[in-house]
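1. how would this look folded up:
(4 chains)
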There are 4 protein chains.
Amino acid sequence: MSACHVYRFPMRDPDDMSGLAGLLDQGKIAASDIKAVFCKTEGNGLNNDWTRHFVDRAVRDAIAARGGADAQALRRAVLVLISGGSEGVVSPHMLVFASAQSTGTEPGLALGMEIRDLAPGDFAQRNHSIATADMVRAAMKAAGAKDPSQVGFVVVRAPADPARGATSPRVRAAVSLGVAQALGEIEGEIDEAAFLEDFSKFCRRVFVVARDDTTTQQVIVLANAPGGTKGLRAAAGPLHDPLDSPGVAAVLAKLGIDATPQASPEASARIVASLSKGDPPNDGKIRGARHTMNGDGDIHSHRHGRSAYGAMIASVIGHSYCFVSGGAEHHGPDNGGLIALIARDEGYSI
Amino acid sequence: MSACHVYRFPMRDPDDMSGLAGLLDQGKIAASDIKAVFCKTEGNGLNNDWTRHFVDRAVRDAIAARGGADAQALRRAVLVLISGGSEGVVSPHMLVFASAQSTGTEPGLALGMEIRDLAPGDFAQRNHSIATADMVRAAMKAAGAKDPSQVGFVVVRAPADPARGATSPRVRAAVSLGVAQALGEIEGEIDEAAFLEDFSKFCRRVFVVARDDTTTQQVIVLANAPGGTKGLRAAAGPLHDPLDSPGVAAVLAKLGIDATPQASPEASARIVASLSKGDPPNDGKIRGARHTMNGDGDIHSHRHGRSAYGAMIASVIGHSYCFVSGGAEHHGPDNGGLIALIARDEGYSI
Amino acid sequence: MSACHVYRFPMRDPDDMSGLAGLLDQGKIAASDIKAVFCKTEGNGLNNDWTRHFVDRAVRDAIAARGGADAQALRRAVLVLISGGSEGVVSPHMLVFASAQSTGTEPGLALGMEIRDLAPGDFAQRNHSIATADMVRAAMKAAGAKDPSQVGFVVVRAPADPARGATSPRVRAAVSLGVAQALGEIEGEIDEAAFLEDFSKFCRRVFVVARDDTTTQQVIVLANAPGGTKGLRAAAGPLHDPLDSPGVAAVLAKLGIDATPQASPEASARIVASLSKGDPPNDGKIRGARHTMNGDGDIHSHRHGRSAYGAMIASVIGHSYCFVSGGAEHHGPDNGGLIALIARDEGYSI
Amino acid sequence: MSACHVYRFPMRDPDDMSGLAGLLDQGKIAASDIKAVFCKTEGNGLNNDWTRHFVDRAVRDAIAARGGADAQALRRAVLVLISGGSEGVVSPHMLVFASAQSTGTEPGLALGMEIRDLAPGDFAQRNHSIATADMVRAAMKAAGAKDPSQVGFVVVRAPADPARGATSPRVRAAVSLGVAQALGEIEGEIDEAAFLEDFSKFCRRVFVVARDDTTTQQVIVLANAPGGTKGLRAAAGPLHDPLDSPGVAAVLAKLGIDATPQASPEASARIVASLSKGDPPNDGKIRGARHTMNGDGDIHSHRHGRSAYGAMIASVIGHSYCFVSGGAEHHGPDNGGLIALIARDEGYSI
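-> Here you go, the predicted structure:
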């Protein structure tokens, strides 16, 4: 069963689990249906952001207390992704991805998941890309997606080990290119020399987070496939720079939503999830105009970057539930990033 | 002579006067033509932002050294407006407003200026509104604008005196409502009780900065009036919240530019100036979604706010030369703000 | 039994409970012996410091899992005080206060605790002072202290309710003055008009934290009383400003330690706990010299203040396990604060 | 003539030149007497601290307007050192070093200055050390110091060129070791391999700032030499870590001042100048206790470090006019730094 529902809840505080708890307590889903929980929290999203650990624990405890596996086992079974940094307009929120009863054989949102433990020696190496590509293929199969064209986008929580050279940026490089290969976006063998060097190689449908708390890699494919949840669709596409509102509009168009310049209130309400990757351009310029995000001693460049991408995306989708994230290496074009959206079709309430 | 040219220069550093200096050194304009210089600098835009003083001095010295009045006299004669805070995508830049040879009697961009010393006891009081309204009428006349409908927008550098209760927010309230009255946007007498209380009263075409370094008020009207610079136009309008990209698009439409969602590269290049006002909503929400801009102990709400407004506006106009500014009391609707744009018509290079 | 041991553990992370866990797992103390746990964590110590909630929960879970009451009941029974902000040299650490077997009738460190639920309507009012004074007397009795001169200092975790006017500063005022009265430091009735107004009235031996998560007030008296832990002593005293190293040295002297200018390595190792209160002076000056802590838009005044007090104290005591805290209203003299120390006598290893 | 007076002025704002102006306007010194002006300003002291440029200009303009060489020529003739960052207790202030009439042949404070243009290719190389050592010898001679033991300390404003590898840290390494050699503190040839590698090699009497705005190096030797200003003395010494108040006390002792733990008010008033170097320890620990200064995403480690060193030093000298500075490579022991003081002898008002 691969049909997938996506629930979004606002969060009053980093440990506000009321939305998730209500979902379970009201019997809308069972704890075992939960495949992934993403939280955009209001920590600083930097090295010393302890909301990550705090919320991670709160999520697992909330599920465990409501019939899930124990909190520790949930680490492996559920992709829990806590991302700090709700700068600017970005509103803290939670996304819950849960298995749902298939509504037939017509196409709709389907989720396939693949979980594997990787050898630490392979992290951030060519083998990491190869393993990732293989996992994507398995997850596609689980989602019922026979062809890469059916894949909306892929989310990966990947293991890093900075002490051994598997830094987060390099892990994201290896994983993104592995996904790109599995989706047929790049051809030929994976070339390790391209990692963090040749940014002309990138994936157009991936969202990778690297974490050094595990050796487990979790891959989720969100596809538009037969047997999926009817009336719910996923799509993604590249952003060429932090001003690329047309890039956001292009992905919305795939989901049947116009943004000229913004989705209408009715259409905006149908946009369930917005995940993005993007950083302040390294060359210090946006379309030739100097930006100051990388030279501000008082505000970290990641915080500047998330604020900028969040405001741009929100101005197109019409609401501020934007799951913005930095670390966009090989996610979309150099000095740009990526937008991934899930929306309901018109007339569906799901 | 009221025809007006507007020049925009990127700034490499807060004291990069090369653009202004080139303009004068190459004889494109004379020092005495300069009516206003606006600089968006990369200080923090807060209490301890010393770039304001630094750049203010650099601007006046640059003009004085090239045939202008002495640096001190320029304080009165030229509206020098230095605004710190280039967060997110916002690019530091300078705008120079200069008198130009009229190109005929057809409508075009015209500038009228009025300068008066105000009694400190009147600052932020009803009399401040009344004096402002009178100054706007005089400046309209100087601009050759017979009717408020010809006014694109008004810029005021107004005196404040916080020690005597004339705080910057209250000064902006008094001045905005004075401008609104002069432009016929609100009716009846100015009601002091509305200052900072009744935000349903506001101006849709004003940009006020309050400064406690002077008793002089400078008012500039930018109008589309006979004898103005042909092919150059000004327009303004309200922003309902920090996501109001349709509000920006509506003002662009008045200038003949489509943004669906963004001005084309060609049209973007015609947008010479973008001035905006806007703050993080006080009620802590944007379209019902909680924002965290007012409760972040490490990044000031003003810095969050400028970043958000800048990214939203840039994503519509297609470039990041956005003169964003906080302190939007009675500038546009409550918890929103205002956008003022100057653009060239198609086919004009000016 | 009022004898008290104090354990200090460094913390590698906000949720590093290894020291506390070891204490319990190795049977050095029982969970029910624990009276108080104080953690100085590395959050920003401001409004959006979520480490407070995170660590509070980790502490209670760690105790509950090792034979304590359930995590919720521990809220009332144990004074758990999590304080964010380890700026500058300040090192994150944990202090555990536990009941111990009395070693006889000679004087030594004794702990008396009193816990009461207060009426919310009384918070921050004169009744709050009166109740606090009464609680201090009860806790003194529990500690076996017959005379205020035997009291080293008092720690209070007091309830606040900002929505009803019982702001944290006002709660600290009410509580400090209540403690001062119980200790005979001020005479006569409590005068509510002095709260946050008359700073000539203050307590010289108190450390109050106000929290809006409870209606329970917890008072701990640390005394040097018969039957206490021999070889361990507590003392406190006022700091006149952030430079008052002589004030720290004076309290050390009471504990038999010289600091000229710093405790020797051997003596420094005997200083188990250092709790302090202090803020950046409101008048913007320290001994006539201007400071900039209150006007920095990028670093909050509390963060500046903790860093300053921490470095000063550490430079006298010779190590950086300084539990610094802002919010020093009526704790020591105006624009100053307070230092409270616990040290072992020479020759005791405890 | 090498006798030297040192004047200290508080600064109300970064461009508060009133102290310097008064000195010149009242005829206490002539503009040509000025050898050096140091300002500790309230910018953030980081990459984007524009107060450096602002104050540098204000200082030179103030001198030029009062009979000095023109502002540009002053760049070379006067060592103008603007240092941002007045965190914590540190109070913004200005130090003016001026030639004075010799008061005889008895020892007193003498200043010798040497100015040379260096070849950019030599910056941060062994040749930089050699040239510096030679300049120190020349400046010693100018100061009338025949023996290194007469040297209190040396201040160098050295040229850097990061684009060519002459980064500020490496320049400070080369210069410090050059000074150490000239003062006989290290023996043998300068070994370039030691730069930023072997921190057991360091200077105990140097204060270097590296700037990339010049090719000119300025060296000032402050000595206690015959013919110097009687009653004024300079001394310096190493700080072993940010808690090293005994290190500060040891230098005070050389100047005849006791600090147990703090200089008395009378003695504190005689301490005219306090210059220090120090950074947060790289190993993340201070005397074995973890500090968090290097992992805080919201406050830069330099800002943490200056606050810590400033508070420690102020707590010993008894006032907060501390010219704290980061970048202590080879200035005192590894993970420590250096303190340099100038004080009046008892009974001198100078």
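
2. what residues does the stretch 201-350 of chain A have near chain B?
-> Listed as neighbours of chain B in the stretch 201-350 of chain A under the rule C-beta under 8 Å from any C-beta of the partner chain: A:242-246, A:248-249, A:259-262, A:286-287, A:289-293, A:296, A:298-299, A:303-305, A:307-312, A:314-316, A:318-321. Placement of C-beta: from N, CA and C, glycine included.

3. taking the residues you listed one by one, which sit in strands?
-> Per DSSP state E, strands hold the following members of these: A:Ile286, A:Ala289, A:Arg290.

4. among these, name the buried ones.
-> If you count burial by 16 or more other C-beta atoms under 10 Å in any protein chain shown, the buried members of those come out as A:Ile286, A:Ala289, A:Arg290.

5. give me the neighbour count for the residue in the stretch 251-350 of chain A positioned nearest to chain D.
-> For the stretch 251-350 of chain A and chain D, the shortest gap (C-beta to the nearest C-beta) falls at A:Gly297, measuring 2.8 Å. Counted with other C-beta atoms under 10 Å in any protein chain shown, residues neighbouring A:Gly297 total 20.

6. spatially central residue in chain A, please.
-> Centroid check for chain A by C-alpha atoms, centre = their mean gives A:Phe207 as the closest residue, at 4.3 Å.

7. show residues contacting the lowest-mean-pLDDT helix or strand in chain A.
-> Within chain A, no helix or strand scores below helix A:71-77, which has a mean of 88 by mean pLDDT, DSSP states H and E. With contact meaning C-beta atoms under 8 Å, 6 or more residues apart in numbering or on different chains, helix A:71-77 is reached by A:Arg57, A:Arg60, A:Asp61, A:Ile63, A:Ala64, A:Gly68, A:Ala69, A:Val80, A:Ile115, A:Thr214, A:Thr216, A:Gln218.

8. okay, now the spatially closest residue to A:Ile342 that is not a sequence neighbour: neighbour count?
-> Computed as C-beta to C-beta, 6 or more residues apart in numbering or on different chains, the closest residue to A:Ile342 that is not its neighbour in sequence is A:Ala273, at 4.1 Å. Neighbour count for A:Ala273, taken as other C-beta under 10 Å: 21.

9. would you mind measuring from A:Arg211 to chain D?
-> Separation of A:Arg211 from chain D (C-beta to the nearest C-beta, to the nearest Å) stands at 17 Å.

10. residue boundaries of the helices in chain A?
-> Secondary structure of chain A (DSSP state H): helices at A:18-25, A:51-64, A:71-77, A:126-143, A:168-182, A:245-254, A:265-270, A:301-317.

11. make a markdown table from those and add distance to A:Gly337 and mean neighbour count to it.
-> A markdown table is the format used below for the helices of chain A (distance: least, C-beta to C-beta, whole Å; neighbours: other C-beta atoms under 10 Å in any protein chain shown):
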| stretch | distance to A:Gly337 | mean neighbour count |
| --- | --- | --- |
| helix A:18-25 | 27 | 17 |
| helix A:51-64 | 21 | 23 |
| helix A:71-77 | 28 | 15 |
| helix A:126-143 | 19 | 22 |
| helix A:168-182 | 11 | 27 |
| helix A:245-254 | 9 | 22 |
| helix A:265-270 | 21 | 16 |
| helix A:301-317 | 7 | 30 |
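
12. low-confidence ranges in the stretch 1-150 of chain A?
-> Filtered on pLDDT under 70, the stretch 1-150 of chain A yields the residue ranges A:1.

13. for chain D, what are the nearby residues on it?
-> Counting by C-beta under 8 Å from any C-beta, the residues of the stretch 1-150 of chain A that sit close to chain D are A:Asn44, A:Gly45, A:Leu46, A:Asn47, A:Asn48, A:Asp49.

14. which residue packs closest to whatever residue of the stretch 1-150 of chain A ends up closest to chain C, ignoring adjacent ones?
-> Taking C-beta to the nearest C-beta, chain C has its nearest neighbour within the stretch 1-150 of chain A at A:Phe54, 3.8 Å off. Nearest residue to A:Phe54, sequence neighbours excluded (C-beta to C-beta, 6+ apart): C:Phe54, at 3.8 Å.

15. correct me if wrong: that neighbour contacts C:Asp15.
-> Yes. The criterion here is C-beta atoms under 8 Å, and C:Phe54 meets it with C:Asp15 at 6.3 Å.

16. need the overlap of contacts for the two.
-> Common neighbours of C:Phe54 and C:Asp15, counting by C-beta under 8 Å, 6+ apart, are A:Trp50, A:His53.

17. so which bits of the stretch 1-150 of chain A are right by chain C?
-> Residues of the stretch 1-150 of chain A lying near chain C by C-beta under 8 Å from any C-beta: A:Asp13, A:Pro14, A:Asp15, A:Glu42, A:Gly43, A:Asn48, A:Trp50, A:Thr51, A:His53, A:Phe54, A:Arg57.

18. burial check on the first one, number of neighbours?
-> A:Asp13 is surrounded by 18 other residues when neighbours are defined as other C-beta under 10 Å.

19. wait, what's in contact with it?
-> C:Trp50, C:His53.

20. go on, the second one?
-> Neighbouring residues of A:Pro14 by C-beta under 8 Å, 6+ apart: A:Cys39, A:Thr41, A:Glu42, A:Gly43, A:Thr51, A:Phe54, A:Val55, A:Ala58, A:Pro92, C:Trp50, C:His53.

21. one more time with 10 Å, if that's ok
-> A:39, A:41-43, A:50-52, A:54-55, A:58, A:82, A:84, A:86, A:92, C:48, C:50, C:53-54 (C-beta atoms under 10 Å, 6 or more residues apart in numbering or on different chains).

22. again with the fourth one
-> Contacts here follow C-beta under 10 Å, 6+ apart; on that basis A:Glu42 touches A:11, A:13-14, A:49, A:51, A:55, A:84-87, A:90-92, B:290-292, B:295-296, C:48, C:50.
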